[in-house]
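K.L.:
One predicted model, sequence on top.
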Amino acid sequence: MYLRSAATAIALTLTLAAPALAQDATPETLPDIALGAEDAPLTIIEYASYTCGHCANFHTDVYPQLKADYIDTGLVRFVQRDVYFDQPGLWAGILARCGGDEKFYPVSGMLFDEQSTWLAGGSGDEIASNLRRIGLKAGMTEDQMTACWNDTAKVEQLIATFQANATADGVEATPTFIIGGDKVPNQAWDSMKAVIDEKLAEAAPAE
């Protein structure tokens, strides 16, 4: 799936019906939310969209192996960075952050696992209702989710963060990975594992 323009992404905030920021306000970018040891020898960044089918496939077929073999063992520090193609993807991204940093990856996992279900709504209202059900399963309240979706300032920050990161890394499609500083396209686990092992070998101290 390919990126839309910055203007299109920013226009998505207009439907979120909260007081607009002053025209001269510059949104701050948000820090990454990372998994894994801070001193891991290798960092992997994934650019993903919650409405991207290939991203959902990665999180079903590849991510569990990556987490078990590399993240949980202290070899890799993993960062997911959101990309927003459309309103549902933006709404999902807001929901993923709504429960705080500690719930970001669990909620993201639910969004990818149930992507075909919550995206099946025939209207924006139905999709929003489907997303609310995921939020409730994750322990959020109705009022909490409404407040997050109506927080225009935070939405502006999310979009500014996505644009800054994707531009800096030259990201044109999702999922795209930055492994040890190099951009890597989506690929089968065996191929990605080979790239990871090569990067870990390069990072290993010389004996």
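P.N.:
Yep, it's here.

K.L.:
Next, residue 27: phi, psi?
P.N.:
phi -60, psi 140 (degrees, to the nearest 10).

K.L.:
right, and it touches residue 157 too?
P.N.:
Yes - Residue 27 lies in contact with residue 157 (Cβ atoms under 8 Å); the separation is 4.7 Å. Bear in mind the C-beta positions are built from the backbone N, C-alpha and C, glycine included.

K.L.:
So if I had to pick from the two, which one is more boxed in?
P.N.:
residue 27 (19 against 16; other Cβ atoms under 10 Å).

K.L.:
quick one, phi/psi of the residue most central in space within the chain?
P.N.:
The centre of the chain sits closest to residue 82, judged by Cα atoms, centre = their mean, with a distance of 3.1 Å. In terms of degrees, to the nearest 10, the main-chain angles of residue 82 are phi -80, psi 150.

K.L.:
Quick check: closest non-adjacent residue to it.
P.N.:
residue 93 (4.5 Å; Cβ to Cβ, 6 or more residues apart in numbering).

K.L.:
Count the residues that sit near the one you found.
P.N.:
24.

K.L.:
Go ahead and confirm it touches residue 52.
P.N.:
No - with contacts counted by Cβ under 8 Å, residue 93 stays clear of residue 52, the gap being 11.9 Å.

K.L.:
that older thread, residues contacting the residue nearest to residue 82?
P.N.:
Residues in contact with residue 93 (Cβ atoms under 8 Å, 6 or more residues apart in numbering) are 50, 82, 84, 158.

K.L.:
so which helix or strand takes in it?
P.N.:
helix 87-98 (DSSP states H and E).

K.L.:
cool, residue 77 as well?
P.N.:
strand 76-82.

K.L.:
Mind giving me the packing neighbours of that strand?
P.N.:
With contacts defined as 3 or more Cβ pairs under 8 Å, 6 or more residues apart in numbering; DSSP states H and E, strand 76-82 has these neighbours: strand 34-35, strand 42-48, helix 87-98, helix 101-113, helix 152-169.

K.L.:
Could you please name the strands that strand pairs with and the direction of each pair?
P.N.:
strand 34-35 (antiparallel), strand 42-48 (parallel) (DSSP bridges).

K.L.:
Determine which stretch of those strands is the most buried.
P.N.:
Across those, averaging neighbours per residue (mean count of other Cβ atoms under 10 Å) puts strand 42-48 on top, at a mean of 23.

K.L.:
circling back to that earlier point, hmm, who's touching the strand holding residue 77?
P.N.:
Everything outside strand 76-82 that qualifies as a contact, by Cβ under 8 Å, 6+ apart, is 32-38, 40, 42-50, 66-67, 70-71, 89, 93, 96, 104-105, 108, 158, 161-162, 165-166, 196.

K.L.:
How far off centre is that strand?
P.N.:
8 Å (Cα atoms, centre = their mean, to the nearest Å).

K.L.:
ok, and for it, which residues are buried?
P.N.:
76, 77, 78, 79, 80, 81, 82 (16 or more other Cβ atoms under 10 Å).

K.L.:
tally of neighbours for residue 63?
P.N.:
23.

K.L.:
Could you check the pLDDT of it?
P.N.:
Here, the pLDDT recorded for residue 63 equals 96.
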